[in-house]
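**Q** pasted the sequence and its predicted model underneath.
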Amino acid sequence: MDFPGLAGRTGHFSYGAPRDVKIGGDGARVAFLRSAGPEDPNAALWVLNVATAAETLVADGPIEAYAVDRDARVAAFTRDRRLFRADLVGGEVTEVHTDEPVQDPRPDPLGSAIGYVTPGPSASLRVVGGAGDRLLAGEPGNAWREHGGLTSWGVPDPAAVQFGRRRGWWWSPDGRQILAARTAGATSLHLLDLDEGWVDVHWDRETYPYVINVRWAEGGGPLITVLRRMQQHGLVLAIDPRTGETQVHAELADARWVEPVDGTPRHLPDGRVLVGGELAHDGFDARCLFADGSLLTPPGLYVRRVVGTLPRVGAPTGAPDLVVEGTDGEPAAQSIFRVRTSLGGGGAEARKISLTPGWHRAVAGGDVLVLDDTVWRGDVRVATLGNVAAPLPYQTHPVLERVTDRRLPAAVLYPAGFVGGTKIPVLVTLGDGPGHQQVTSDQAAWQERQWWANAGFAVVSVDSRGTPGVAPSFEKVVHRRLGDIALTDQVDALHQLLGKHPDLDLTSVSVRGTGLGGWLAALAVLRRPEVFHRAVARRPVTDWTELPAPFAERYLGDRLDAADVYAHHNLLEAAAQSDHSRPLLLIGASIPGYDSVTSATLDEELAFLQGDIGR
């Protein structure tokens, strides 16, 4: 155990690295957060002048989050619920007086006014500017209860958070309107004029209750995606900002569940609407992008996220390239691609612009691209954002494999200096469980696992079916049978890996995970004790009916019509059918007959898995 600091997890390795990068629409400035070094979690606000490649400290930390106007000339952030405005051109920072505590402040696209939400269970939406601080929408007080809950404006509802939507209000491109969510048990959308007029957004809210994403940018009115409760059908709707009426731009359908592509829908400059979807015919099994129904991405590209657009040399201004994060055959890697939006005779075209293997990330704005930490304008490298983070403690070398007839992504990580020829105990890591990719070429993702390996394990990670990055069918085949498929894949992968890694001791297999991974770790020793001999489950899901409905129903279906499916995935039910023959340590949960603690360090988990404590 040569790095005990890992007991606090590895997040502090990012201290001192640039994050939350934002690029102005004119490409003149790149704003970002960065702390002073590896021991300092308090991030400050910085700006890079693209013309001079000079970095300037704008505001000291701690700053957890910030927002900018269209051209990144003005930033807004909070400290202790107080509002601050930063001039990213001149460098001045001023406190802005508000009548209420502030959260989620956002400058309008022109940088003249700042909207914000009040914290608390009955949030209001306010705007502060030349006319002072005024209430735009709000219904405070218990008298406004509806459907068993307080009314809130401008915050995401609990269902939206399950789909990754963490915002509840959006400026219009001209700064004259705000599209805001009102949550009162159900969610509705409203267009608010700054002169205090408003219109309601109209769609069939009873049939499509989930508003999973919203985007309002240059080129058209707001675009939203709404889903039926069982998530097997959705609509991409364009909102008329004058009347609130909606028009269907695309339908999304899947017999299991609809999985929109992050960063879509969005308007292209020529007026077409970009939508993420899936191609599942003529032998294709792809996660793709479409513009008004025309395929833009090659079927071999698994699209993870649309980052933005960049001008295309020689093309009209209405036909830029998309910048896309995706995978083209190896799910352990994430690359950056430029995708042509103008349809020519050659068909769909995607050009990889991250030229080294690894897990790459990008931000785009104007004619500027930040790829990882490097700033590019066209083909010219402008600068690299300063990074004062501590180097990672381990240089890891996981052996990546594709195993079984399902070609499951898998990896084996040995202790540093391990010499073959001796059997070594196995630790199967499940991370946060199905739906969360473990087998990646990101060095930071392997640091904690290397600590476990150096403690005397061959660490095995397998991305079972249900994990993104391979293909839509691979991800969704687990519908209503997640537990059985995930366990089968883990077992089959272990046996297949033994053929390539004969030092794995399958008579001594431990397993650990957190959350949904903790649920699967516990299920492994309860259902397959002949394979998994000891387990640690951190905060495991014990009863799927207690999870948020959007998440649980995506995997297991309607809880009212599938009680048997939910019971089959219940840890208490699995424990009742188990002979209690394998040690299981539960952290933050309890099952009768098994060890349970409220918290534990990694050292305590290690002692349990090595057999020093417990049964």
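**A** It's in. Residues are numbered from 1 along each chain as shown.
**Q** could I get the full set of helices for the stretch 101-250 of the chain?
**A** 158-162 (DSSP state H, counting those that start in this stretch).
**Q** now the strands for the stretch 301-450 of the chain?
**A** For the stretch 301-450 of the chain, strands defined by DSSP state E, counting those that start in this stretch occupy the ranges 302-310, 321-327, 335-340, 350-352, 362-365, 368-371, 374-377, 380-384, 399-403, 408-413, 424-429.
**Q** now tabulate those in JSON lines and tack on distance to T225, mean pLDDT and mean neighbour count.
**A** In this view, the C-beta of every residue, glycine as well, is placed from N, C-alpha and C. Output for the strands of the stretch 301-450 of the chain, formatted as JSON lines (distance: least, CB to CB, whole Å; pLDDT from 0 to 100; neighbours: other CB atoms under 10 Å):
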{"stretch": "strand 302-310", "distance to T225": "13", "mean pLDDT": "96", "mean neighbour count": "21"}
{"stretch": "strand 321-327", "distance to T225": "18", "mean pLDDT": "97", "mean neighbour count": "24"}
{"stretch": "strand 335-340", "distance to T225": "20", "mean pLDDT": "96", "mean neighbour count": "22"}
{"stretch": "strand 350-352", "distance to T225": "23", "mean pLDDT": "94", "mean neighbour count": "15"}
{"stretch": "strand 362-365", "distance to T225": "21", "mean pLDDT": "97", "mean neighbour count": "23"}
{"stretch": "strand 368-371", "distance to T225": "26", "mean pLDDT": "98", "mean neighbour count": "23"}
{"stretch": "strand 374-377", "distance to T225": "31", "mean pLDDT": "97", "mean neighbour count": "17"}
{"stretch": "strand 380-384", "distance to T225": "35", "mean pLDDT": "96", "mean neighbour count": "14"}
{"stretch": "strand 399-403", "distance to T225": "33", "mean pLDDT": "96", "mean neighbour count": "17"}
{"stretch": "strand 408-413", "distance to T225": "29", "mean pLDDT": "98", "mean neighbour count": "24"}
{"stretch": "strand 424-429", "distance to T225": "34", "mean pLDDT": "98", "mean neighbour count": "22"}
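**Q** redo these as TSV? Include distance to P472.
**A** Shown next, in TSV, are the strands of the stretch 301-450 of the chain (distance: least, CB to CB, whole Å):
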stretch	distance to P472
strand 302-310	9
strand 321-327	13
strand 335-340	18
strand 350-352	18
strand 362-365	23
strand 368-371	27
strand 374-377	32
strand 380-384	36
strand 399-403	18
strand 408-413	16
strand 424-429	25
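**Q** dump the residue contacts of the spatially closest residue to P38 that is not a sequence neighbour.
**A** Excluding its sequence neighbours, the residue lying closest to P38 (CB to CB, 6 or more residues apart in numbering) is A390, at 3.4 Å. Neighbouring residues of A390 by CB atoms under 8 Å, 6 or more residues apart in numbering: 12-13, 15-16, 37-38.
**Q** so where's the stretch 401-550 of the chain uncertain?
**A** Regions of the stretch 401-550 of the chain meeting the criterion pLDDT under 70 are absent.
**Q** now with 90, please.
**A** Applying pLDDT under 90 to the stretch 401-550 of the chain picks out residues 420, 431-435.
**Q** end-to-end on stretch 306-325?
**A** End-to-end distance of stretch 306-325 (CA to CA, to the nearest Å): 6 Å.
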